[in-house]
Structure formats: structure tokens, C-alpha cells
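Trainee: kindly return the folded structure for what I paste below:
(chains A and B)
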Protein chains: 2
Amino acid sequence: MENWLTKRAKLDPNKTALIIEHSDFTFSELNSTVQLCAKKLHNYIHQGERAALFISNSFNGYIAILALQQIGAEIVFLNSRLSSDELQFQINDSAAKICLVDDSSDYHNINSVDTNKFLLSDILSMKPDKSFKPVEEFDNDDVTSIMYTSGTSGRPKGVLQTFGNHFYSAIGTSLNLGINDKDSWVLTVPLFHISGFSIMMRSLIYGIPVYLITDFNEEYINKVLANERATIISLVPTMLKRLLNNLPTGKHYNDHFKCVFLGGGPIDNWTLLRCDMLNIPVIQSYGMTETASNVVALNFRDADRKVGSSGQPLFPVNLRISNSDSEGVGDIEIKAPNVAKGYLNRQDLFDKKTTADGFYKTGDIGYLDDENFLYVKGRKDDMIISGGENIYPEEIENIYSKLSGIENIFVIGIPNDDWGEVPVAYVMLADDAYLTGEDLIGFGREKMAHYKVPKEFRLVKGVPRTASGKVLRRKFGDIKYKQI
Amino acid sequence: MENWLTKRAKLDPNKTALIIEHSDFTFSELNSTVQLCAKKLHNYIHQGERAALFISNSFNGYIAILALQQIGAEIVFLNSRLSSDELQFQINDSAAKICLVDDSSDYHNINSVDTNKFLLSDILSMKPDKSFKPVEEFDNDDVTSIMYTSGTSGRPKGVLQTFGNHFYSAIGTSLNLGINDKDSWVLTVPLFHISGFSIMMRSLIYGIPVYLITDFNEEYINKVLANERATIISLVPTMLKRLLNNLPTGKHYNDHFKCVFLGGGPIDNWTLLRCDMLNIPVIQSYGMTETASNVVALNFRDADRKVGSSGQPLFPVNLRISNSDSEGVGDIEIKAPNVAKGYLNRQDLFDKKTTADGFYKTGDIGYLDDENFLYVKGRKDDMIISGGENIYPEEIENIYSKLSGIENIFVIGIPNDDWGEVPVAYVMLADDAYLTGEDLIGFGREKMAHYKVPKEFRLVKGVPRTASGKVLRRKFGDIKYKQI
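Mentor: Numbering: from 1, shown residues only, chains lettered A, B, ... in the order given. As a prediction, the model looks like this:
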């Protein structure tokens, strides 16, 4: 296919492409800005080379991403929450020739990394390479972005995402949501994450504006959603809750608002109910870096009757459950044109996650109901086997999280002579909560099979997490706790 | 990708897929019907083999097409207007193992063709092959349909259309029109033509209903458009005019009606004006069998300021003008994932139409304006070169067709010692028309450069055409005429 940015600038030159604070850019203006940036960067980076990006959700970051695409360089997205060591590993592993650093980001950790760094603000003063020409085509098989999955075990792997991955991802979503040229997408999730970058690609493919939010300020975002013609916003559950908590009573989102596109794990029913009352449709979804954003989505029309489901696999996505138990629960496997090409330098690991007939083993456990709706039970690695029964920590966590006084709860399995493994819980309680271990066990026995009820409750102040916020259950052994 | 029909039946089992007269079929019902038909046909045809279809726009024809896709057989679409000899050539050339014949079609010509024929009504009484399983995947690179292009010169060539061709064609259109799940498409163009078959594929890909019209009855179609929730209809200009002529004064199409999707050549301004007055948006388009339907479309928002244009190349389509003259007019060339795989048994001819950098030479002449809107001037083969000037017959024809009394006019070039070639016109006049050759020349001189005005006007009763209605200019030498 023709270069998406130059193509879109030809199709819709005068249409708004990007809105950031009080500035609007048409696709034609966006294209000109990006091409100038590409001309300047072309002195330091060329087609087929890799450039790392250490950016926040800024205008400069947005332009730099698109400029690297115009050059035909592969973009290595660095998570700005990483430690210096982690950053150094990804820079080395990807052999990135340069590293572009956003002025507005907290660049303390990148400072000590050994690499060829440029501040984005310094690009302005570079001399443009007048001979530069943007790539003519975006080939479906060409890698355009590399995102490291922190994973919950082992070293991070660079996921190789192609133009085809992003295209089919965008198309799966448009066929599901019915996108038209009056739509627009609010981008407040990180640009360096697939959830943010995929919105940029959708903007080019659909020809719709992006509202780029630089900081997660609830009041400001609610104003955008109430007063502007913003139709879709991507959020994770905590962001959604913060927006709802901040929304003044009686205030509603604009009449054209279509939906909250929700990723990043399950949402509680209370929040869904609040959204329902406020007339805010929520599309729950399931996806990962390796599938270039969501592959499964639950429409609002099914939300009521499919509580707990992530929805149906999108049109281009073939999803199946393998090695299922008697209740149909098994490994979630995916075959789709949006499944990534592989892992950088570790194709062996990606091949291990691919079945002989070409399905990607997500490592998640779940089941499909008789109407083909997916229910995700959790990570396979997290599954506890106790007395021959499979126990999914997330299921237990979801039940306990509804108990007043519990702020956070995580369940892992510990070795046990009688049962092989038994579940134990790590809990954080609210300041004013008064809950004994007995209370907690009693609550659990009312709500679930006895073998699922944690045998022990450990009071903690926090749990170890990865840079992207994933809980590192394998490191729970190191936490100091008080048994209650 | 997963098999589109079974996938859609899983995603939208209870949604209407097909409406024919007073019967509705959901995607689940459609799938069951198609699978049963496939089971029965599987006794006679298998994956990878070819089956020819001689069908009209009937329910049985619709089901047969989808059933062959489920088997994984390549479908050879026969134009029901072809002569016996032409049908025999296509049956032999494609080595079709069986030929399915629609009961409701006029099967006089297919009767004498030597092939393994089955009447569609006879499938009902066949015994189903219980071991049959539908193909699991529709591979982008696999051929699913073969349509012979009658062309205007030489032998018909079987165009090899892949699943990928149809997918990208559908996506290009959805990105342009902004399709959502409330849309529906009225199918009244032939099923055996890319314009009809592509609507069937869109229905599966978008998950929207098709109103299948068996006969072109203006009154009935206008009722469907006025009273049902039909949002889009594909038409050629003559069909649109017939609908407008039949629409009772004061009658309008339903409130959800979106547009007439117009293919098959240019439309006159008077008809566009009528549509405008009746609030009927018209999307003009440009495409061909070799590009699996339209590749260029003109939106209603641009219709007024881009009169005469076919619109902009769709998002997945790269279109350029090569060998252009000083005015920018040249060969229309296309690179897009919806360009066909080739010609059956004549890959050499397809390769000849493909440039070294992978563009398909359409054989059409035209130009792009400064906003990337395409203007098609006509077929390169039809172009007349007179005294070094390029003359496009369609341009002259369009001008003369506005003259009252002229029913039809076609212009070709004839050899001339002084000028190389000169244009002459073949005209059909209305019964009550009184126009002399002098009148016609006078009119032309007022409207166009003198070298474009036909040197001679030949009164004829009709012109030779191909089965699909294309004018066969190279056979004009055989027409009996009277000079006026």
C-alpha cells in the first residue's frame, strides 16, 4: 500500500488530523511538519536502520514517530518508566543507531544510558537533508515498530510489529465499531505502548482526528469529552474510574460520543453500572503487544448479557481454545494477520509460542461460550493446581475485590505437601478497614468452592511490578508481610 | 483469515444476512443453508477444482456461489448473455469440472454447451456428503473467483480474483463510505459480474444485509428504497435513470438511505441534478474486473466542485498517470492489493499489462488534478490521433449526447491521408428528430475544438456490443449506415 501519511494527506488535506491543547493540525499540515522533521533526522538515521524513542505524550513525540516511519526506520519504543539498566538492555538488544529523547519527559534514567542521544528540541536546529524522499510504500511485511514486552518472567523481548499487523488491527476495530469520517479518538494512553501507537495508525488509516492528551488530567479530559466532538477514548480501568469520579453531577459527554474503548484487564460491575447510568457505552477488549492491540472486543449491545466476557474475536481474528479441560477452559491461541512477525533476536522463543498450524499461544487461559464470547481466566503461568483442581488467581481476586475494606488483593500458589499447591493471598487493606483472617476466609467460603479460598492472608504495603505495571507474582517470595 | 461465512455466522448469528422478496435469512440460517448445499455439491466438486456457474440473480444462485466458496472450489462466473460458442470457450479454457445452471435463467445458450451440467434445483435432491467440512481459512493469496473480461479486442481472458483482492476492495470502500452495522446493500446488478459478487463479499466482511433483487423492476426497487431500511444501492447510469423516471412525485427514499454507488461509466449532469433535488447522494466510481470492483470513488461532498471526475483513489489504492502529455493526460496505472493475480492460462498477457515496478496498466487514459481527483478520458485503444492531436471519443460523445434528438452516438477514428486519422460519428436519432449533418457539425463547432468535430455522421440502427454491453468499436466497419 501507498505510504499511509502521504496518502491520507492527499485524500483529506484539509481535515483535522491532530488536536493538542488549543492547536489543530490538518493532515496536510501534519504531513508537512513530519516531512520537515524527517528531512532533519535523515542526516542521522536511514531506511532499514533502527531508532529508539524515549518520549512522553507530546507533540514532538508524535511527530518524531511519524517522521521515522517516513524515513523507513524501525522505531524502538522505550517505556519511559524503565530503569537505566533496562533501557540499556533494549538499546543494546535492538542495536538502535540513535535515541531520540523527549524534552518534556523525565529523562533521568535515559541520561546514564550509553547511546547516541538527541533531544527532540534539538532536531529543530538541524539542517534538513534536501535530498530526502519519504518511502513510497508501507509494505505489509515490513517491520515498523518494536515494543519490548516486559513479560512477567525472563528478559524483555522486542516484539516485531509490521505495517500489516497495524493495518489489520485497525480494520478489525473499524469493522467492529463502524468507524466513519465524523469519528475522532482521544489519545491519553502512552504513545510508546501499543494502545497509544495503534490510535495514531488508526488516525492515518481511517482519516480521523486524534485528541492528544499530554497529561492525564481528569478535569481536562472530561471537558474534552463533554465539549468537543470527541467520539472514542481508549482507557484502562483505573483511568475510567478517575474520569467518572471527577465528572460533575449532571454533566454528560457530548452528543456524538460513541464509546470508551477499554483495555488492560477486567472492569468491575459497579463501574460498568455507573457508565450505564451516565450513558457512556463501554467496549471491553482483549489484546496484547504481540497482536498489535485488541483482537477481541465486547460490544455494549452484549455487555449486559455477557458480564465478565472480553467479547468476540474480531473479524480478521481466528481464536481457539486448546488443551481444554472438561469445562472448556484451556489455552487461548490466536491466528490473525495482526499477530506480530516475531521477537527480535529471539525468534526461537516466538517459534516456541507458535503451534505447528500457525496459532500464537498467548499464555492466557480462558474459554469460549456457546456464542463464541471469550472469558479470560488469567495467565497460564499464574494458574495454581491444588489437589488436581485448576485455580485461577484472577477469579479469586475479582471476588475479594468487591469486599469493602480491601484495596488490592493478589493470589499465588505455594507448595503444599498434601495438595501440591495451595492458594495464599497478599492483601492491602484500606486505612480504616478492620478485617481478620477469619472474616476473609468466611467471606470466601460463601462465594466460592472451598479449595479456592486462600489458606492464608498476608497483609502487605505493596507488590512488585514491572515498569508497565504488571504484577510480578514470581517475586512475591521477597515481600515482607504480616499474617492476619 | 478465518472462513468469512462461518466467522460471520459466529459473530452475528441472528442478524439479517439476506432479504429476497418476502423472505429474510439470518447469517446463521444463511450459513446452514449454504453448508447443506456444499455437502450435496461435494459429491461432484472438491477443493482446488473449478466449477462454472450460469446463474441469474436468484436465491439458488446466491447459495451456490457461497457453497462453492465453502468447498474451496474456484468459481467460474459465466455471463448469461454469452453465445454458446463463447460459453463453450470459457468452460474449456477454465477446465471447469461441473457447470451449475440456474433454473430461473434463460438457459437456451448453455443447453448446447458440452459440459457436465447440473440444474440448481436438482441439487436439492442430491444426497449430502456427511464427511464434508467447510474450508477453515480464506487465504488472501487463494483464487476464489474467475471472471472473463470480454474486453473490446481479442479473446476473453479469465481474471483470477483472490480472497485478498475482494477483502481489500471491501475495506477500501468501507474506509471511504464509513460502513456500520446498520447499513445494508441493495443488489440488483448481476451476481456474475464483479459489481454484484463484490456486494456479496462485502455483506460477509461488514456483516450487513443484502437485498437481492431478482429482476430489475423499477417500481419494486423504488418501494424497497422508500419503505425498507436499505442504505446503499449499486447501479449503472441507465438503471439510475430508470429508477428516477419511475419515482412518483413527492416520494423519497427512506430516512436512512445513504447513497447510490454508481459504476459503469460517466453520468450526465442533468441526472445528477435530479438526484440532488431528490436528496439522493450519488457516489461515482471507477473500477474494473481486474481490480475486483472500484478503486476510485467520488464522494457527494465533492460532487459539485469536481464535475466529471471519478473521484480519488481509495485508501489501499496507489494510482498514477504515466507517459502523460503536456496537459497531464496519460495512462492510468494502479498498484493495490485488490489488483487481480493474473489471467488464467494467459499470465503472459497480464505480465505485459504490468510495469516493472508492479503497476497494472488499465488501458484507460486520464489525468489527476492538483487535488488528486481522477478524470477518465476513455480507452487508450479508442484514442484517435489526428494531426498530432489526441482525441478521446468519449469526450465528443458526451457533448453530443446532450443534443436533443440524439439517442446514441459513438465516435471512432478512420484513416486519413492528410491527418493520419479523423473522427467519424455513428448516430442513432430519436424517431421524431430532424437533424442534418450540417446541424451536427455546426453544433460541434460551437462546443469543441474544430479538429475534434466528426468529419462525417453515419446514421445507424445500432452498434455491435459484447455480451456485457461494451461497445465493440473495432467492429464498426461492418455496420450498414446512411450518411447524413
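
Trainee: show residues contacting the helix or strand harbouring residue A:67.
Mentor: Assigned by DSSP states H and E, residue A:67 belongs to helix A:59-71. Contact partners of helix A:59-71, identified using CB atoms under 8 Å, 6 or more residues apart in numbering or on different chains, comprise A:3, A:5-6, A:18, A:20, A:23, A:30, A:33-35, A:37-38, A:41-42, A:45-47, A:51, A:53, A:55, A:74-75, A:100, A:102-104, A:120-121, A:123, A:132, A:134-135, A:138, A:144, A:191, A:197, A:200, A:212. All C-beta atoms are positioned from the backbone trio N, CA, C, and that covers glycine.

Trainee: now that helix: average pLDDT?
Mentor: For helix A:59-71, mean pLDDT rounds to 97.

Trainee: would you mind listing what in chain A touches chain B?
Mentor: With CB under 8 Å from any CB of the partner chain as the criterion, chain A meets chain B at residues A:1-2, A:7-8, A:10-11, A:13, A:137, A:171, A:174-175, A:177-182, A:205-207, A:312, A:315-318, A:335-337, A:371-372.

Trainee: 6 Å instead?
Mentor: Listed as neighbours of chain B in chain A under the rule CB under 6 Å from any CB of the partner chain: A:1, A:2, A:10, A:11, A:171, A:178, A:180, A:181, A:312, A:316, A:318, A:372.

Trainee: spit out the contact partners of the second one.
Mentor: Going back to what we said before, that points to residue A:2. residue B:318 (CB atoms under 6 Å, 6 or more residues apart in numbering or on different chains).

Trainee: state the pLDDT value of it.
Mentor: Reported pLDDT for residue A:2: 96.

Trainee: what average pLDDT does the very next helix or strand once past the helix holding residue A:67 get?
Mentor: Sequence order places strand A:74-77 as the next helix or strand after helix A:59-71, per DSSP H and E. Regarding strand A:74-77, the rounded mean pLDDT is 98.

Trainee: what residues does strand A:74-77 touch?
Mentor: So strand A:74-77 is contacted by A:50, A:52, A:53, A:68, A:94, A:96, A:143, A:145, A:146, A:147, A:192 (CB under 6 Å, 6+ apart).

Trainee: show me what counts as buried in whichever helix or strand comes after it.
Mentor: Moving toward the C-terminus from strand A:74-77, the next helix or strand (DSSP H and E) is helix A:84-94. Neighbour counts over helix A:84-94 (16 or more other CB atoms under 10 Å in any protein chain shown) mark A:86, A:87, A:88, A:89, A:90, A:91, A:93, A:94 as buried.

Trainee: ditto for stretch A:112-128
Mentor: For stretch A:112-128, by 16+ other CB under 10 Å, it's A:113, A:115, A:117, A:118, A:120, A:123.

Trainee: return the distance of it from the chain's centre.
Mentor: 28 Å (CA atoms, centre = their mean, to the nearest Å).

Trainee: send over the lowest-mean-pLDDT helix or strand in chain A as PDB, restricted to the C-alpha atoms.
Mentor: Least confident element among the helices and strands of chain A, by mean pLDDT, DSSP states H and E: helix A:300-303 (a mean of 80). The C-alpha atoms that make up helix A:300-303 are tabulated as PDB, following Å, rounded to 0.1, in the frame of the first residue of the first chain:
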ATOM      1  CA  PHE A 300     -22.200  -2.500  24.500                       C
ATOM      2  CA  ARG A 301     -25.100  -4.300  23.000                       C
ATOM      3  CA  ASP A 302     -23.800  -7.500  24.600                       C
ATOM      4  CA  ALA A 303     -22.400  -6.000  27.800                       C
END
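
Trainee: C-terminal to that helix, what's the next element?
Mentor: strand A:312-313.

Trainee: what bridges to residue A:409?
Mentor: residue A:427 (DSSP bridges).

Trainee: what is whichever strand or helix holds residue A:51 packed up against?
Mentor: For residue A:51, the host element (DSSP H and E) is strand A:50-54. Applying 3 or more CB pairs under 6 Å, 6 or more residues apart in numbering or on different chains; DSSP states H and E, one finds that strand A:50-54 contacts strand A:74-77, strand A:98-101.

Trainee: give me that answer again for 10 Å
Mentor: Contacts defined by 3 or more CB pairs under 10 Å, 6 or more residues apart in numbering or on different chains; DSSP states H and E place strand A:50-54 against helix A:59-71, strand A:74-77, helix A:84-94, strand A:98-101, helix A:108-111, strand A:117-119, strand A:143-149.

Trainee: which other residues reach the fifth one?
Mentor: Outside helix A:108-111, the residues that touch it by CB atoms under 10 Å, 6 or more residues apart in numbering or on different chains are A:52, A:54, A:78, A:80-88, A:91, A:99, A:101-102, A:117, A:467.

Trainee: redo that, cut-off 7 Å
Mentor: A:54, A:82, A:83, A:84, A:87, A:101 (CB atoms under 7 Å, 6 or more residues apart in numbering or on different chains).

Trainee: next, count neighbours for the residue nearest to residue A:79 when sequence neighbours are not counted.
Mentor: What sits nearest to residue A:79 in space, not counting adjacent residues and going by CB to CB, 6 or more residues apart in numbering or on different chains, is residue A:467, at 5.1 Å. Residues lying near residue A:467 (other CB atoms under 10 Å in any protein chain shown) number 17.

Trainee: so residue A:179 lies in a helix, does it not?
Mentor: No: counting by DSSP: H, G, I helix; E, B strand; the rest coil, residue A:179 is not part of a helix but coil.

Trainee: ok, now which ones touch the residue nearest to it when sequence neighbours are not counted?
Mentor: In space, and not counting its chain neighbours, residue A:179 is closest to residue A:206: 5.1 Å by CB to CB, 6+ apart. Residues in contact with residue A:206 (CB under 7 Å, 6+ apart) are A:170, A:174, A:179, A:183, B:175.
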